[in-house]
Structure formats: C-alpha cells, structure tokens
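*Asks:* Need a 3D model of the sequence below.
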Amino acid sequence: MPTVYDYTVKKTNGNEHSLQDYEGKLLIIVNTASKCGLTNQFQELQELYDKYKDQGLEILGFPCGQFNNQEFDNIEETTEFCQLNFGVTFPMYGKIDVNGKNEEPLFTYLKSEKSGLLLNDIKWNFTKFLVNRNGQVVKRYAPTTNPSKIEKDILKLL
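*Replies:* Numbers count the residues shown, from 1 in each chain. A predicted model of the protein is given here:
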C-alpha cells in the first residue's frame, strides 16, 4: 500500500528530497500562494508548527501558481515573503502544479486518497492534507478551513 513516504519532491534549490525523511511524523501538506487572500493562513500554520513540532508535527508547504497566478515566479521571492511576513520556518518546497498534466505526483496521490467534495482536483490555494505517522492521508481540508480549526484532529493523532 503506497504512502507519502514513497514520493520524492523538489526543494527550493531544485534538489530532490525523499519524504521518507518524515517517516514517523504527523504531516500537514498544503499548496500555498503568496499573493492569495488566504495568505493569513501562513500565520496559523506557523503557530501550529511552533506548538507541536517537538511532538512530531511537520508542515510541508508547496507553492503553486495555478490559481490566478497568485505565486511569485521566483522561489526566492516566495520564501522571503513567507519568512518576512509570517515568520515561516516550516519547510517550503519548489513551486509545483497540483492539477493537470504537469501536476506533482505527490498531489496526485493525496487527491486519490482523499477526494474533494465534488471533484478530486484541488479547487484553490491552501487545500490541506493531514497525514498520520504511518504516511497515510487521513483527512482533506478545504482552502477556507483555517489551520487552527484542524488542531483537534492533530491532537488525536499526536
């Protein structure tokens, strides 16, 4: 049975990174966009990370410009924006597509494990997936679900 640990993703510097490095951790995987009206979610994601990282929570951010091109073209601008405006210290990865022919295989897997309300496709920025310590997707959250609202689910799995 596949898990998120079977996937390799690109870091912001373009190098490959195996998600097997997160084995045994609780993960929130989220597609982000720096110029989106939902960017305040970066702050809540960072608060969750600060609060629970010592208990095994990791948050993995994947910048995506597929929705109204709301992400910088330059990944350095993205990481600088996140750090300066929201104090983001959780891992951010290279810019990806989450839908379509060039979609990141990790997101193909995530969507196949937990489909959306009407479609499998990601509908907007800040769709969040909660992954248990065994690498299995347990829940998908809508873009408008504030990260603080999923804290109770995090606590159940920590």
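*Asks:* Could you pull out the strands in this protein for me?
*Replies:* Using DSSP state E, the strands assigned to the chain run over residues 8-10, 16-18, 26-32, 57-63, 128-131, 137-141.
*Asks:* which residue sits closest to the one residue sitting closest to the centre of the chain in space, ignoring its chain neighbours?
*Replies:* Taking C-alpha atoms, centre = their mean, the centroid of the chain lies closest to V30, which sits 1.9 Å from it. Closest residue to V30 in three dimensions, ignoring its sequence neighbours and counting by C-beta to C-beta, 6 or more residues apart in numbering: K128, at 4.6 Å. C-beta: built from backbone N, CA, C; applies to glycine.
*Asks:* Neighbours of the one you found, how many?
*Replies:* The criterion is other C-beta atoms under 10 Å. On that basis, K128 has 23 neighbouring residues.
*Asks:* Quick one: the helices in the chain, in order.
*Replies:* When secondary structure is read from DSSP state H, the chain shows helices at 41-52, 75-86, 105-113, 151-157.
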